[in-house]
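Engineer: sequence first, then the predicted structure:
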Amino acid sequence: ALLLAACQARVRGRALLAGALFGLAIGARLTTAALLPVLLLLPPPRPERETRRDALVLSVTAAVFGALCYLPAYQRYGWEFLRFVDPLGTGSSPLDFLSGMFHLERLPFPPALIAGQATALLWGVPGSALLAAAFVAGAFQRGRPAPRATGSAQAAASLRAFDFAPGRVTLAAGVALCIELVLYLRLPHDEGYLLPAVPFTLILAAAATPRGWF
């Protein structure tokens with residue numbers, strides 16, 4: 001919720017608020033910090049007036065709020081609070097976590113279980129089937145020639161429905177999905193780790209599939 005609120009503040013051009021909300025999101029889940037590029041990819045209300053200052057304000061504010069969230073843990077445990085449980089036994093430090101990104105083929109659980117968590121246990125069986133069918137429908141729809149405009153407002157609206165998401169929003173959603181998948185494959189303990197990917201998947205579905213399917 002905090003991550004989505006930060007995204008909304010970003011597209012409304014409120015960099016300070018977006019940074020504060022994103023910092024609180026990091027406080028709720030440390031790996032959310034990896035999604036900073038996603039927020040910076042999202043377009044403000046007037047992209048032509050976008051400045052580096054906005055990105056800097058967002059980033060610094062997020063870092064400050066995120067750090068404050070973990071200050072009590074640091075005061076009690078020191079840097080030990082960053083340790084984690086790795087079923088592969090490769091280590092438990094932040095460096096071990098990052099280096100493990102280059103060895104995602106060493107899955108700690110059966111691939112069928114990991115895939116099942118990411119599909120049926122996350123979306124449900126009907127939801128997974130419908131989501132897959134929707135993207136297939138979107139692929140076929142985009143492969144067809146675009147219908148001619150009839151001049152009516154309703155027809156024009158239906159044509160725009162397939163491309164309502166600006167390019168940067170779609171790109172940001174795709175990047176978020178990729179980042180969340182990598183983080184999930186690093187430690188695929190539970191399908192709940194993929195929850196932050198759900199809204200971005202729906203954004204991609206809205207951009208890629210016919211309106212009726214969505």
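Structural biologist: On my side now, so go ahead.
Engineer: please count neighbours and contacts with C-alpha atoms only from this point.
Structural biologist: Fine.
Engineer: packing partners of the longest helix anywhere in the chain?
Structural biologist: Counting residues, the longest helix in the chain under DSSP state H turns out to be helix 52-77. Judged by 3 or more Cα pairs under 8 Å, 6 or more residues apart in numbering; DSSP states H and E, the packing partners of helix 52-77 are helix 15-28.
Engineer: buried ones in the helix it packs on?
Structural biologist: Going by neighbour count (16 or more other Cα atoms under 10 Å), the buried part of helix 15-28 is 15-27.
Engineer: using CSV, lay out the residues you listed together with distance to Ile114 and pLDDT.
Structural biologist: Listed next are the buried residues of helix 15-28 as CSV, based on distance: Cα to Cα, whole Å; pLDDT from 0 to 100:
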residue, distance to Ile114, pLDDT
Ala15, 37, 95
Leu16, 38, 96
Leu17, 36, 98
Ala18, 33, 97
Gly19, 33, 98
Ala20, 33, 98
Leu21, 31, 98
Phe22, 28, 98
Gly23, 29, 98
Leu24, 29, 98
Ala25, 25, 97
Ile26, 25, 98
Gly27, 26, 97
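Engineer: show me which of those is closest to Val198.
Structural biologist: Taking Cα to Cα as the measure, Val198 lies nearest Ala25 of those, at 15.7 Å.
Engineer: pLDDT weak spots in this structure?
Structural biologist: Applying pLDDT under 70 to the chain flags residues 143-166.
Engineer: show me the helices in it, by range?
Structural biologist: 2-11, 15-28, 36-41, 52-77, 94-99, 111-118, 120-123, 125-143, 153-160, 167-186, 197-208.
Engineer: figure out which of these is closest to Arg83.
Structural biologist: With Cα to Cα as the yardstick, what comes closest out of these is helix 94-99 (6.7 Å).
Engineer: then that closest one to CSV, C-alphas only?
Structural biologist: In CSV, the C-alpha atoms belonging to helix 94-99 read as follows (Å, rounded to 0.1, in the frame of the first residue of the first chain):
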residue,chain,number,x,y,z
PRO,A,94,23.8,-8.6,2.9
LEU,A,95,26.8,-9.3,0.6
ASP,A,96,25.8,-13.0,0.5
PHE,A,97,22.3,-11.9,-0.4
LEU,A,98,23.6,-9.8,-3.3
SER,A,99,26.1,-12.4,-4.5
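Engineer: what's the most buried one of the helices of the chain?
Structural biologist: helix 15-28 (a mean of 25; mean count of other Cα atoms under 10 Å).
Engineer: now that one: how far from the chain's centre is it?
Structural biologist: 15 Å (Cα atoms, centre = their mean, to the nearest Å).
Engineer: quick check, central residue of this protein?
Structural biologist: Ala176 (3.2 Å; Cα atoms, centre = their mean).
Engineer: how about the contacts made by that residue?
Structural biologist: Leu35, Val38, Ala197, Phe200 (Cα atoms under 8 Å, 6 or more residues apart in numbering).
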